[in-house]
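Enquirer: Here's my sequence, what's the structure:
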Amino acid sequence: MMYAKMTRNLESFGRVVIPKDTLTTCNIVPHDSVEFFIDAESRTIALRKYSGHSCTFCNSSEELSHFKGSLICKNCTYTLKII
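Expert: Numbering: from 1, shown residues only. You can find the predicted model right below:
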C-alpha cells in the first residue's frame, strides 16, 4: 500500500479540498459517493470511494440490474437503450 502525506487547511465550514490527481489515483470522479471512516482513538479520518449497491451512473439504489460487473438502475438502462 502506498501512502502520501499532504497538508491542507480546513475552510471555515470545515471542508478540505482533495487534489484532483489524488482523487483520480483512487478512481474517484465528481458526483461519486464516498464513505468516511473515523478512528477516534488515533484521531484519524479515512476516505474511499463508496462501492455499495447503487447505479453506476446516477447512484440510485432502486431496481438495479447487473451488467458486465456494474449495477445499472432501470431508468439508466432505458436511457442507454434509446441513445
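Enquirer: Every contact and neighbour count from this point should use C-alpha atoms.
Expert: Will do.
Enquirer: Next, the contact list for the residue lying closest to Lys49 once chain neighbours are set aside, please.
Expert: Distances taken as Cα to Cα, 6 or more residues apart in numbering put Val34 closest to Lys49, at 4.4 Å, once the chain neighbours are dropped. The contact partners of Val34, by Cα atoms under 8 Å, 6 or more residues apart in numbering, come to 47-50.
Enquirer: Count residues in the vicinity of Arg48, would you?
Expert: 14 (other Cα atoms under 10 Å).
Enquirer: In this structure it contacts Val29, no?
Expert: No - the criterion here is Cα atoms under 8 Å, and Arg48 misses it with Val29 at 11.6 Å.
Enquirer: what about stretch 57-70, distance to the chain center?
Expert: Per Cα atoms, centre = their mean, to the nearest Å, the displacement of stretch 57-70 from the mean C-alpha position of its chain is 15 Å.
Enquirer: Other residues contacting it?
Expert: 32-33, 53-56, 71-74, 76.
Enquirer: buried ones in that stretch?
Expert: For stretch 57-70, a neighbour-count test (16 or more other Cα atoms under 10 Å) marks 59-60, 64 as buried.
Enquirer: packing partners for the longest helix seen in the chain?
Expert: Longest helix of the chain, by residue count under DSSP state H: helix 74-82. If you count contacts as 3 or more Cα pairs under 8 Å, 6 or more residues apart in numbering; DSSP states H and E, helix 74-82 packs onto no helix or strand.
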